[in-house]
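Trainee: Got a predicted structure plus its sequence, pasted below:
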Amino acid sequence: MDYKKYIATIKDFPTEGILFRDITPLMADGAAFSHAVNELKNFAIEQKAEVIVGPESRGFIFGCPIAYELGIGFIPIRKPNKLPRETVSISYQLEYGHNTLCMHKDAITPNKRVLIIDDLLATGGTVKATIELVEQLGGIVVGCGFLIELEYLKGRDLLKKYDLKTLIKY
């Protein structure tokens, strides 16, 4: 499927100089959204994932239906002060700023096979931080799946030891 026809490109959003890839048209098209979720679900099956982890918020959009379809759990990675129980956290750099991610301290059991799902691989900062949280708790990251990869930002370079699946490359 040609997913690119479902992606809107917005210049200078959220800041000047950024070329934002808007996934909402893909999400609004039932067939395209379903096809994308199924491709990432098949990657989860290949990796023998036991749980899906997704960073806030677009990781939820793709990660939850995959976990549901596979009958496995979904673990949200959130911004600070969004999770009600004890958390572990990590701060990192973004393409155009910085952020902190948190996960419940008891979310991952040791040796659990974890697949990370998000909408976009850019500089790799968010997924690398997510990997560090998972591994800090003893999880085994078996791969990372993305709808979009911005190849020119070289995020893949941070993730060389992990299997990656991307559906669209810019």
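Mentor: Done, it's in.

Trainee: Which elements pack onto the host helix or strand of Val88?
Mentor: Using DSSP states H and E, Val88 falls within strand 87-94. For strand 87-94, the packing partners by 3 or more CB pairs under 8 Å, 6 or more residues apart in numbering; DSSP states H and E come out as strand 97-104, helix 125-136. Backbone N, C-alpha and C define where each C-beta goes, glycine included.

Trainee: tell me how far stretch 140-151 is from the chain's mean position?
Mentor: Computed by CA atoms, centre = their mean, to the nearest Å, the chain-centroid distance of stretch 140-151 equals 7 Å.

Trainee: ok, Leu115 - contacts?
Mentor: By CB atoms under 8 Å, 6 or more residues apart in numbering, Leu115 lies in contact with Phe43, Ala44, Gln47, Ala49, Val51, Ile52, Val53, Val141, Val142, Gly143, Cys144, Gly145.

Trainee: For the longest helix seen in the chain, list every residue counted as buried.
Mentor: The residue-count maximum for a helix in the chain (DSSP state H) belongs to helix 30-46. With burial defined by 16 or more other CB atoms under 10 Å, the residues of helix 30-46 counted as buried are Ala32, Phe33, His35, Ala36, Val37, Glu39, Leu40, Lys41, Phe43, Ala44.

Trainee: For the last one, which residues are in contact?
Mentor: Listed by CB under 8 Å, 6+ apart, the contact set of Ala44 reads Ile52, Ile66, Leu70, Leu115, Ile117, Gly145.

Trainee: do you know how far it is from Arg113?
Mentor: 10 Å (CB to CB, to the nearest Å).

Trainee: hey, what's in contact with both of those two?
Mentor: With contacts taken as CB under 8 Å, 6+ apart, not a single residue reaches both Ala44 and Arg113.

Trainee: Report the separation between Cys102 and Gln93.
Mentor: Cys102 is 17 Å from Gln93, by CB to CB.

Trainee: And these two? Which one has more around it.
Mentor: Higher neighbour count among Cys102 and Gln93: Cys102, with 20 against 14, using other CB atoms under 10 Å.
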